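> Here's my sequence, what's the structure:
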Amino acid sequence: MKVLIDTNVVLDILLDRQPWYTNAVLIFGLSKKGLIKSYVPASAITDIFYISRKEKGKNVTNKAIKSLLQVFYPAAVTDQHIFKALDLDWEDFEDSVQFVVGEGLDIDYIVTRNVQDFSSCSIPAVTPDEFLKIVAVIET
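This is a model prediction of the structure:
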């Protein structure tokens, strides 16, 4: 199973944001074990670094992102992704880029805490909690 991890879920891990941290780490663990293949758009990594650095500092953030990217694959964002995302004309441009990148990777789910931002998306968007329930059903 392939999933795209939204920026907010990655930040839940890096910033230990409660109460979402536990589920985000469980998804990270599934990825680390190879039970799922998780992607993060490369364009989101700069935002993640910027936000995390403000709270954790540059050195801690640098190390954390390097560890994260050993498990979550950075997904390339091309000029074609950007043009297609612009044509979608969604309210949140970052979300439209993430959707287009995920579509190109033929992912199964977008894992996000902002499901409503992907309401016009053809890829199912689920919360981390919903995703963990889906995985639990598949494994049984």
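
> For this structure, which segments count as strands?
2-5, 37-41, 73-75, 109-111, 125-126 (DSSP state E).

> Please, where are all the helices along the chain?
With helices called from DSSP state H, the chain shows them at 7-14, 21-32, 42-56, 58-68, 79-88, 93-105, 128-139.

> and the shortest one, which residues are buried?
Yep, that's helix 7-14 we're talking about. For helix 7-14, the neighbour count (16 or more other CB atoms under 10 Å) marks Thr7, Asn8, Val9, Val10, Leu11, Asp12, Ile13, Leu14 as buried. Where C-beta positions appear, they are placed from N, C-alpha and C, glycine not excepted.

> Over to the longest one?
Judged by neighbour count using 16+ other CB under 10 Å, the buried positions of helix 42-56 are Ser43, Ala44, Ile45, Ile48, Phe49, Ile51, Ser52, Arg53, Lys56.

> residues near the residue lying closest to the first one once chain neighbours are set aside, how many?
Put plainly, it is Ser43. Nearest non-adjacent residue to Ser43, counting by CB to CB, 6 or more residues apart in numbering: Val77, 4.3 Å away. As a burial measure, Val77 scores 19 neighbours (other CB atoms under 10 Å).

> Ramachandran coordinates for Val77?
Reported as degrees, to the nearest 10, the phi and psi values for Val77 are phi -120, psi 120.

> re the thing from before, quick one: which of the helices of the chain is nearest Asn114?
Nearest to Asn114 among those is helix 7-14; the distance by CB to CB comes to 6.4 Å.
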